[in-house]
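Trainee: Sequence and predicted model, in that order:
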Amino acid sequence: MSVRVRFAPSPTGFLHIGGLRTALYNYLFARHHGGTFVLRIEDTDQTRYVEGAEDDIIRSLEWAGMTIDEGPNKPGEVGPYRQSERKAMYLDYAKQLIESGNAYYAFDTPEEIDEMRERLKASGNPSPSYDSITRQSMKNSLTLPKDEVERRLAAGDDYVVRLKVPRRETVKFEDLIRGVVSFETAGLDDQVLMKSDGMPTYHLANVVDDHTMGITHVIRGEEWLSSAPKHMLLYKAFGWEPPTMAHLPLIMSPSGGKLSKRKAESEGIPVNTKDYIAGNYEPEALVNFLAYLGWSPGDDSEIHSLQELCELFTLDRVSKGGAVFNHKKLMWYNEHYIRETSVADLAPRVKTLAEEAGLDTKSDEYLNTVIELLHERVSKVDEFVAMGSFFFETPSEYDENALKKWKEDSPAMVAAYKAKIEVLSDDEFKAAALKTALEETVAENEVGFGKVMMPVRIATTGQGFGPDLFPALELMGKDEVLSRIDTALERLR
Ligand code: GLU
């Protein structure tokens, strides 16, 4: 039997980073086993539907390099791949359960259900539910005469279909990550399967689709573990073999607790995949990082391409415990992938970002040298622009922190240095000569290296730190460097 897995997001907003990890684990598992990766859009809750969410999901998966084998954008044999387009079939399946005595029509109004709950609360039941006991006193096809049920259905009365949850049963299943999971049905609500608007609930649609789409493994977040027993009851009621379950550990915030949207925001962690795209993260870095967020290959290797991860990934190496989202670690990955990327591949991206920032990158050769000078220093591609903007335009301001290091004798030191380099010809204006000039200035004035180096850096770059100064000066060229020094001496006197 070949592996078929699905990523089944609800289009209720932008794709959360946790959702991207779920998709990734499904994708890796599928590829590892030469199986199929299905995208199914679970859009039965129309009140929570967000326009554009599906596009965002597809774009995010594509950006991360996960190829969808079947989905709304790539129809296969078991489509459609949007639940809203499968609407007609769910009622048939619900009816099948009614006929086999596993489900029933319920006509109770919300008020009547509230009344029931109030009544039971008053008589000492703290959490009343619509269950094997209470259903007997409600308006449903188990209690009403058959002809009244038919009359109500024919008249188009509002109804829901509920699962007849057995009174006392232990539901057990083996989860590939969590081991044997067991759950008591006592106290479980008779789950609504079809809503009064004719839409199935998540539970029914999810089970019907996983079965009819031939899904062999359900890999999803831990937050769905409590739904799994309900799904198991449904599989049993249908007489279907359930897929193998694997519930992934939660993603935790560095300060503890689940990484909620609010927590992530307060800790400076981008929460939606689109923020990583817009934030110019390397997809390979995010993928590598996410793969390790709850899984490891069992050795101390850390860097793996998507291709390698596909080969290495197995569910038995996924951890049970929550995985802490360490943003610094992500930046470490990002930095690694930036270093691995060639100057030629970086150049067009940096050029675009610089142009977006209104900067002119001059010639290709000039831009390439800027990238070479900064390659070991940046951890994200947009930092080439942030850190290197002075290469492309004369700084109009001096960094405040840097200015703390601009001392009383700084103008004199910069002037002394200028005197040494202005006599160099254009051809002589090279890193080595510029360094020698600085060493001479230091020696002649009997000061420390930093006493000259720092003010020269501030004067020419506007910053207190940055790439190797001498090759940077060489690149900017004699005229530009001298003119920047003059400006600084005027403005910072
Ligand atoms: N639609 C659910 C979600 O938004 C799917 C859960 C599952 O995989 O069963 O995550």
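Mentor: Perfect, thanks for sending it.
Trainee: So what's the residue count around V171?
Mentor: Neighbour count of V171, defined by other CB atoms under 10 Å: 19. Yep, even glycine has a C-beta here, placed from its N, CA and C like the rest.
Trainee: tell me the secondary structure for it?
Mentor: For V171, the assignment made with DSSP: H, G, I helix; E, B strand; the rest coil gives strand.
Trainee: Look up the residues forming beta bridges with it.
Mentor: F183 (DSSP bridges).
Trainee: list the contacts for it?
Mentor: Residues near V171 by CB atoms under 8 Å, 6 or more residues apart in numbering: S182, F183, E184, T185, P229, M232, L233.
Trainee: again, but for T185
Mentor: T185 neighbours (CB under 8 Å, 6+ apart): V165, P166, R167, R168, E169, T170, V171, P229, L233.
Trainee: Nearest to M476 among these?
Mentor: The nearest member of the contacts of T185 to M476, counting by CB to CB, is P229 at 67.7 Å.
Trainee: What's the local residue count around F392?
Mentor: For F392, using other CB under 10 Å, the count is 18.
Trainee: Help me confirm that it comes into contact with S363.
Mentor: No - with contact defined as CB atoms under 8 Å, F392 does not reach S363; the gap is 11.4 Å.
Trainee: thinking again about what came up before, ok, and of the contacts of V171, which contact the ligand?
Mentor: Taking CB under 6 Å from any ligand atom as the test, the ligand is in contact with none of those.
Trainee: Just the buried ones from those, in ChimeraX syntax?
Mentor: Buried members of the contacts of V171, defined by 16 or more other CB atoms under 10 Å, are picked up in ChimeraX with:
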select :183,185,229,232,233
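Trainee: Adding pLDDT, write the contacts of V171 out as CSV.
Mentor: Below are these laid out as CSV (pLDDT from 0 to 100):
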residue, pLDDT
S182, 95
F183, 94
E184, 94
T185, 93
P229, 94
M232, 97
L233, 97
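Trainee: of the contacts of V171, closest to R119?
Mentor: Of the contacts of V171, the one sitting nearest to R119 (CB to CB) turns out to be T185, at 22.7 Å.
Trainee: Nearest spatial neighbour of that closest one, chain-adjacent residues omitted?
Mentor: Nearest residue to T185, sequence neighbours excluded (CB to CB, 6 or more residues apart in numbering): E169, at 4.5 Å.
Trainee: Phi first, then psi, for the one you found.
Mentor: phi -150, psi 150 (degrees, to the nearest 10).
Trainee: re earlier: and which of the contacts of T185 is nearest S127?
Mentor: Nearest member of these to S127, counting by CB to CB, is V165, at 14.8 Å.
Trainee: which residues touch that closest one?
Mentor: Contact analysis of V165 by CB under 8 Å, 6+ apart lists D131, S132, T185, L188, D189, D190, Q191, L233.
Trainee: Could you measure from the fourth one over to the ligand?
Mentor: What it means is L188. Using CB to the nearest ligand atom, to the nearest Å, one gets 18 Å for the distance from L188 to the ligand.
Trainee: The last one now?
Mentor: Note on L233: its distance to the ligand, by CB to the nearest ligand atom, is 15 Å.
Trainee: Surely that residue forms part of a strand?
Mentor: No - under three-state DSSP, L233 sits outside any strand and is assigned helix.
Trainee: Settle this for me: it is touching L163, isn't it.
Mentor: Yes - taking CB under 8 Å as the definition, L233 is a contact partner of L163 at 6.5 Å.
Trainee: residues touching the nearest residue to V208 once chain neighbours are set aside, list them.
Mentor: Sequence neighbours aside, Y93 is the residue nearest to V208 in space, at 5.0 Å (criterion: CB to CB, 6+ apart). Counting by CB under 8 Å, 6+ apart, Y93 touches L204, V208, F238.
Trainee: Which ones among these map onto helices?
Mentor: L204, V208, F238 (DSSP state H).
Trainee: from memory the last one sits against L97, does it?
Mentor: Yes - here F238 lies in contact with L97, judged by CB under 8 Å, at a distance of 7.0 Å.
Trainee: Compare those two and say which one has the larger neighbour count.
Mentor: Between F238 and L97, counting by other CB under 10 Å, L97 is the more crowded of the two (21 against 17).
Trainee: Flag every buried residue along the strand or helix carrying that one.
Mentor: Applying DSSP states H and E as the criterion places L97 in helix 87-99. For helix 87-99, burial by neighbour count (16+ other CB under 10 Å) applies to M89, Y90, L91, Y93, A94, L97, I98.
Trainee: and what of stretch 69-78?
Mentor: So stretch 69-78, judged by 16+ other CB under 10 Å, has buried residues D69, E70, G71, P72, V78.
Trainee: swap in stretch 362-381?
Mentor: 366-371, 373-375, 377-381.
Trainee: Just give me the closest of those residues to N401.
Mentor: For these, the closest approach to N401 (CB to CB) belongs to R377, at 17.1 Å.
Trainee: Nice, that's everything, thank you.
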